[in-house]
Every structure is written in structure tokens, then in C-alpha cells.
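S.K.: give me a model of this one.
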Amino acid sequence: MLKVRPVRTSDLPAIERMAIASGIGVTSLPSNRDKLFERIQMSRTAFGHEAIGEASNDFYMFVLEAGDKVVGTASIAASAGFDEPFYSYRSETFVHASRALKVNNRVHVLTMCHDLTGMSQLCGFYVEPSHAAAGGELLSRARLLFVAGQRERFGRRIIAEMQGLHDEAGQSPFWNALGRRFFNMDFLQVEQAFVSHSKTFIAELMPSYPIYVPLLPDEAQDAIGQIHPDFEWPCQLLTREGFEADHYIDIFDGGAVLTAEIDRLKTLETARCYPVEVAVSLPEGAAPRLIANERVETFEATLDKVALVGGVAFIHPDAASVLSVRSGDKVRLVARQTEEAGETS
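M.R.: Reported below is the predicted structural model:
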């Protein structure tokens, strides 16, 4: 049975393996053993905290288990850019007009900003392909079930950066047309710099004035707000939740940045808490649902059939074992996205 739980120090080799497999562009899952170890320790500290307010730099890392093997990972940063600004490009329109010449032009520009600083952030998502079909939704939404149960730990809005376009050689058309001219580094080099050093180098080297998009090469313009094919499926999971591509793009590869109001996400709007009854034979009407316990340090989530009868959630002993719950405990339930689509169609 699949299970999502907080990361442990012993998971480091598996996390490192997945960081390598995730390829370039996923700076929130760096292929750097020391940085991964640091993030695991940050996560262990965060899960050990008592309830806290939203102004927090806590970082929560989860893993997806299949049997005794770790096959996926995903994280939440309680406050993006807590220690230093979270940079992105804001996509907007300037109007250049001349009444004398009867000219009125609307020009697409990109302005470096840190508007998204302080928002909660979903990041570091990766699932091994062999477990993506069943495990991907569980891993992605288990984070949100945790947010629902620990709402005071997170802010009002949430973001998720999508990987932008780059080729197999690691060349990003957006970066080559813009960032490389100021950093004199290729995309792979700047990715490593981003992982290894303070983000303040962005403000030190990138232009602070607006970038006029029509002056960029066509290939770079076409990459703005686009999503790498490997990220289309995770993006679909998030858009079904209620995330939208807003007016922001990644400062390195031009990939879309999705934003949402946390309380309006599908998982938070529809998830409900129920007392548990553990039963070998479930009542009629049992359907697959995502199930999570209501703990913090020992948070666990899984996917299994649940029967709701008289305000009680009947679950199988196997699911109860995975979640470490017994009859009388409370769990948080939400329907699968496919089931939700069926209910609303």
C-alpha cells in the first residue's frame, strides 16, 4: 500500500537518487548531497515544532513509500523567501502613446520583482515513473491535506514554480537570450550557483529595469510562461486543484509560476474530518479516497477505499495500520480528482 510520510535522515540515499533522476531545472530538489541533507534536517525540525504562525521559514519534506521503498518526494515551504527576497519576473504591459502622431502601442515587458516573497510554496516534486499513476496524486495532495490540518502554519496564498523549456543538452532559450548576457554562465552553471550560494546574486547581476519582450529572440519569447513536457502532468494536478498561471514567470528559464488562494484549493474546500471505525468488511458504497491522520510529526496519508456511514469513516485494517490509527481516532478524507470530476460532470 502506498503511503506518504515526513522525510527521515535515512531517506537521504533515496532522495539523492531522485534528485539526480529529476534532471536539470528542479532547483528545489538539488543534486547536491550536502544541500539535500540540510533540507532533510530542516524538515525534521519543522515537523517537530509546536503550532506556529504563518511568518515562518519552516520547510516540510514528504516522501512517498511503496512497501519499504521510497519512490517519490515533495515539499512545502511555509514562506518563500523568508530569509531573503524570492525573485521572479512580473509579466505586464506598458503603453507607449503619442497624441501628436496618433500612435498607441501596448508593449509586453518583464519586470524583476519579489511580489511572491512570503507566500507558501509547493516545491521539490518528483515521483518515479513506475509509481506516477497512483502515487502522484496521493503525494501532491497529501501535502495539502497536511496544510488543511495545520492551517495556522501557512499563509493566505500559495505558489508553485513549473520547470520551463530547455533541451536535452540543458540549453534554455529564455536564459540564453537574457540571463546569460548578465551572468556569463550557461543554464547548468547558474543552476548550481542558485543551489550553492545566496540568491542575492540575482539582484546583484540581473537588470532591475524592465525587459522589453519584443527585443528578445523569437525562441525566447515563445518560451515565456511555457512548461517543460516532464512537468505537464504535475501541472495538471495543480490546475485541477485551482492553481492558475498568473502574471509571474521564473527568472531563469521563463517557466510559468502558478498561484492560488490556499483556502480555495479543491483539497482544502472538500476535505472533511471523520471519526474512524476499523472494519474487515466495509459497508456498501465504499469508494477510493485519500486519507490522512491528523498528526504533525507522525503525519501519514494513504489511498484506500472508505465507506461513510452516519458520519463515521469505515476503513480497512491495512489502511488503519498504515495511518497508525484505531477506532475512535479522526482522519481527514478527500475524494480522488477523478471521482470529483465524475461527481461534478
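
S.K.: so how far is Pro275 from Arg295?
M.R.: As for Arg295, its distance to Pro275 is 15 Å (criterion: Cβ to Cβ, to the nearest Å). C-beta here means a position set from N, CA and C on the backbone, and glycine is covered the same way.

S.K.: ok, which stretches of the stretch 101-250 of the chain are strands?
M.R.: Ranges of strands in the stretch 101-250 of the chain, per DSSP state E, counting those that start in this stretch, are 103-113, 120-127, 157-161, 211-212, 244-249.

S.K.: out of these, nearest to Glu168?
M.R.: Closest to Glu168 of the strands of the stretch 101-250 of the chain, according to Cβ to Cβ: strand 120-127, at 18.3 Å.

S.K.: list the contacts of the spatially closest residue to Asp318 that is not a sequence neighbour.
M.R.: Of all residues not flanking Asp318 in the chain, Met1 sits nearest, at 5.9 Å (Cβ to Cβ, 6 or more residues apart in numbering). Met1 sits next to 302-304, 318-319, 322 when contact means Cβ atoms under 8 Å, 6 or more residues apart in numbering.

S.K.: my read: Gly293 touches Leu323, true?
M.R.: Check again: residue 293 is Asn, not Gly. Yes. Asn293 is within contact range of Leu323, at 4.8 Å (criterion: Cβ atoms under 8 Å).

S.K.: more neighbours: the two, which one.
M.R.: More crowded of Asn293 and Leu323, by other Cβ atoms under 10 Å: Leu323, with 25 against 22.

S.K.: phi, psi for that one please.
M.R.: Main-chain dihedrals, Leu323, degrees, to the nearest 10: phi -90, psi -10.

S.K.: now Leu165
M.R.: Here is the backbone geometry of Leu165 (degrees, to the nearest 10): phi -80, psi 140.

S.K.: for the residue nearest to it when sequence neighbours are not counted, give me its contacts.
M.R.: Residue nearest to Leu165 in three dimensions, not counting chain neighbours: Ala223, with 4.6 Å by Cβ to Cβ, 6+ apart. Residues near Ala223 by Cβ under 8 Å, 6+ apart: 164-165, 172-174, 253-254.

S.K.: for Ala223, give me the pLDDT.
M.R.: At Ala223, the model reports a pLDDT of 96.

S.K.: do you know how far it is from Ala245?
M.R.: To Ala245, Ala223 is 14 Å away according to Cβ to Cβ.

S.K.: again with Arg181
M.R.: From Arg181 to Ala245 the distance is 26 Å (Cβ to Cβ).

S.K.: for those two, work out which one has more neighbours and name it.
M.R.: Using other Cβ under 10 Å as the criterion, Arg181 and Ala245 rank with Ala245 on top: 17 against 11.

S.K.: that one reaches Val257, doesn't it?
M.R.: Yes. Contact between Ala245 and Val257 holds when scored by Cβ under 8 Å: they sit 7.4 Å apart.

S.K.: what do these two both touch?
M.R.: In terms of Cβ under 8 Å, 6+ apart, Ala245 and Val257 are not both contacted by any residue.

S.K.: any regions of the protein where pLDDT drops low?
M.R.: Residues of the chain that meet the criterion pLDDT under 70 lie in 24-27, 51-55, 195-200, 338-345.
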